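> Sharing a sequence plus its predicted fold:
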Amino acid sequence: MSEGRSAAPATNFNTFKELRVARRGSLLEIQFNRPAVQNALRRRTIYELLRALDVANADEMVSIVVLTGNSTAFTSGNDLTDLLALQRKNGAEALDVHFRASNFVMKALVKKILNNRKVLVALVQGNCVGLGVVICALCDVIYATESAQFWLPFSQLGLCAEGGTSWTLPQLLGRSKAAELLLFGERLNGQAALQHGMISSLVSNEQEFWKRMEQHSRLPNVSLCSTKKLLLHPWRQQLLDALETECMQLEALRLGPTYRAQIMAFARRSKL
């Protein structure tokens, strides 16, 4: 056991059904685990992610958390097929309730990530869509493979930037490139993400990546936490302000006719 760290709390990772959670010493891996739908995120998946982040935050042995998916997808974003099923089963009113809760869920997720004391790392392979990009942009460090495809189809869904991306993406990519992704839904591959500074480096050997993360996780936890706090401090409030403004815009859009028509049509024909 590392000096100054208490024993890890007993945690039954088998209680996670839509995530795979595993600890390797001081490294915690959280893997999205819905391969049949390219790791699409429904409400249950998000609630499990909130719980997994709480587990990481409470475990004094953990210093680094890696969020990842599989070789096909980090995550394909919100599970739109879930919306179709909800509408078929419970009707339009149930869908309205679901949409009204969307801002609450998004705020809870963003704040949970921002308030997590551990170093958060994203490893992206394959498709990383919508909410997946939101999550990555909130992490401390992003790595990706050549197969990575970042995509924000907000305009195609009749929506606007969400999850703080109107602030985080310009910081990562520069204003013009971020605008191209957010406004037009242009895709960004792994090489372009590296070129524009969105990711730290490309991963060509996954085994080597995990070895490196395990080495980093053995660095003094107090130092990692302190530097993370210093890096976050200058921009935390700006991001939260952007999130609030986005949520107001999103609420107005969800009440209008365009959003309902666009998102349901997109759900029916969605192909990555």
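Right, received. Where do you want to start?
> pLDDT weak spots in the stretch 1-150 of the chain?
Residues of the stretch 1-150 of the chain meeting the criterion pLDDT under 70: 1-10, 83-87, 89-92, 94-95.
> where exactly do the strands run in it?
19-24, 27-32, 64-68, 73-75, 119-124, 127-129, 141-144, 149-151 (DSSP state E, counting those that start in this stretch).
> Kindly report the same for the stretch 151-272 of the chain.
Going by DSSP E, counting those that start in this stretch, the stretch 151-272 of the chain shows strands at 188-189, 201-202.
> Can you give the strand pairings for the first one, parallel or anti for each?
Strand pairing for strand 188-189, determined by DSSP bridges: strand 149-151 (antiparallel).
> Let me see the residues that make contact with the strand it pairs with.
124, 126-130, 133, 136, 181, 185, 187-190, 193, 198, 272 (CB atoms under 8 Å, 6 or more residues apart in numbering). All C-beta atoms are positioned from the backbone trio N, CA, C, and that covers glycine.
> So among these, which ones count as buried?
Neighbour-count burial (16 or more other CB atoms under 10 Å) applied to those gives 124, 126-130, 133, 136, 181, 188, 190, 193, 198.
> Let's have the strands of the stretch 151-272 of the chain in CSV, adding distance to residue 96 and mean pLDDT.
Compiled in CSV, those are given as follows (distance: least, CB to CB, whole Å; pLDDT from 0 to 100):
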stretch, distance to residue 96, mean pLDDT
strand 188-189, 33, 98
strand 201-202, 43, 98
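> now those as CSV including distance to residue 19?
CSV is the format used below for the strands of the stretch 151-272 of the chain (distance: least, CB to CB, whole Å):
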stretch, distance to residue 19
strand 188-189, 25
strand 201-202, 25
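> And those: which comes nearest residue 28?
Nearest of the strands of the stretch 151-272 of the chain to residue 28, taken as CB to CB: strand 201-202 at 21.2 Å.
> Geometric centre of the protein: which residue is closest?
residue 135 (2.0 Å; CA atoms, centre = their mean).
> how far away is the nearest residue to residue 200 once chain neighbours are set aside from residue 46?
What sits nearest to residue 200 in space, not counting adjacent residues and going by CB to CB, 6 or more residues apart in numbering, is residue 141, at 5.2 Å. The gap separating residue 141 from residue 46 is 22 Å, by CB to CB, to the nearest Å.
> do residue 118 as well
Residue 118 is 19 Å from residue 46, where distance means CB to CB.
> same deal with residue 183?
In this view, residue 183 and residue 46 are 26 Å apart by CB to CB.
> more neighbours, those two?
Higher neighbour count among residue 183 and residue 46: residue 46, with 19 against 13, using other CB atoms under 10 Å.
> close enough to count as contact, the more buried one and residue 105?
Yes. Counting by CB atoms under 8 Å, residue 46 does reach residue 105; the two are 6.1 Å apart.
> what residues are shared contacts of these two?
Counting by CB under 8 Å, 6+ apart, nothing touches both residue 46 and residue 105.
> the helices in the protein, which residues?
43-58, 80-100, 102-115, 131-138, 165-173, 175-184, 190-195, 206-216, 221-232, 236-255, 257-269 (DSSP state H).
> Would you point to the one among the ones you listed that's packed deepest?
Highest mean neighbour count among these (mean count of other CB atoms under 10 Å): helix 131-138, with a mean of 25.
> what sits up against it?
41, 67, 69, 73-78, 106, 109-110, 113-114, 120, 122, 124, 128, 142, 150-152, 162-165, 168-169, 172.
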